[in-house]
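Enquirer: After the sequence you'll find the predicted model.
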Amino acid sequence: MKILLLRNFERYWKSNNIKNFLFFRGKTIYVLDSSAIYPVGINADILLLTQSSKVNLDRLLLTMQPKMVVADKSNFRDFQTRWKESCAKNKIPFHATAEKGYYILK
């Protein structure tokens, strides 16, 4: 992402890397990997869980408030069952690619 900055009446572009964020057709996708580091105060439309991240998903769902949670096949099966229960408790749709196959972004 490039940001135009004005300093002393000079224009220059600064490149700002936003890691683990993807943007697709107006939707924000956050990829949570094994580092389990997520920004506070950022809302994502879709949360993608990968590499069996050890995170308290209940707390993450309360802070990030995603509209959809997707878990890819690289996650452990018991993690996926716990995440599915957390999403059901918080009334957020959950899609596991190991069970249902690929997820289509619309």
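Expert: Noted; the coordinates are in hand.
Enquirer: Give the full set of residues in contact with the residue lying closest to residue 62 once chain neighbours are set aside.
Expert: Leaving out its chain neighbours, the residue that sits closest to residue 62 by Cβ to Cβ, 6 or more residues apart in numbering is residue 90, at 7.7 Å. For the C-beta atoms, the positions are set from N, CA and C on the backbone; glycine is no exception. Contacts for residue 90 (Cβ atoms under 8 Å, 6 or more residues apart in numbering) come out as 58, 61, 62.
Enquirer: among those residues, who's most crowded?
Expert: residue 61 (19 neighbours; other Cβ atoms under 10 Å).
Enquirer: In this model residue 86 seems to touch that residue, though I could be wrong.
Expert: Yes - Residue 61 is in contact with residue 86 according to Cβ atoms under 8 Å; the separation is 6.6 Å.
Enquirer: quick one, strands of this structure?
Expert: Here the chain has its strands, by DSSP state E, at 2-7, 10-15, 21-24, 27-32, 46-49, 68-71, 94-96.
Enquirer: Walk me through which strands the last one pairs with, and which way each runs.
Expert: So the one you mean is strand 94-96. Note on strand 94-96: by DSSP bridges, its sheet partners are strand 68-71 (parallel).
Enquirer: Okay, buried residues for the partner strand please.
Expert: Across strand 68-71, burial judged by 16 or more other Cβ atoms under 10 Å covers 68, 69, 70, 71.
Enquirer: Quick check: the last one vs residue 25, distance?
Expert: Here the criterion is Cβ to Cβ, to the nearest Å. By it, residue 71 lies 21 Å from residue 25.
Enquirer: what does the third one give?
Expert: Residue 70 sits 16 Å away from residue 25, going by Cβ to Cβ.
Enquirer: so who does the residue positioned nearest the centre of the chain touch?
Expert: Note on the chain: the residue nearest the mean C-alpha position is residue 30, at 2.4 Å, using Cα atoms, centre = their mean. Counting by Cβ under 8 Å, 6+ apart, residue 30 touches 20, 21, 22, 38, 42, 44, 46, 47, 48, 64, 66.
Enquirer: Dump the contacts of residue 90 into JSON lines; add distance to residue 75 and pLDDT as well.
Expert: What follows is the contacts of residue 90, written out as JSON lines (distance: Cβ to Cβ, whole Å; pLDDT from 0 to 100):
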{"residue": "58", "distance to residue 75": "17", "pLDDT": "92"}
{"residue": "61", "distance to residue 75": "16", "pLDDT": "92"}
{"residue": "62", "distance to residue 75": "21", "pLDDT": "91"}
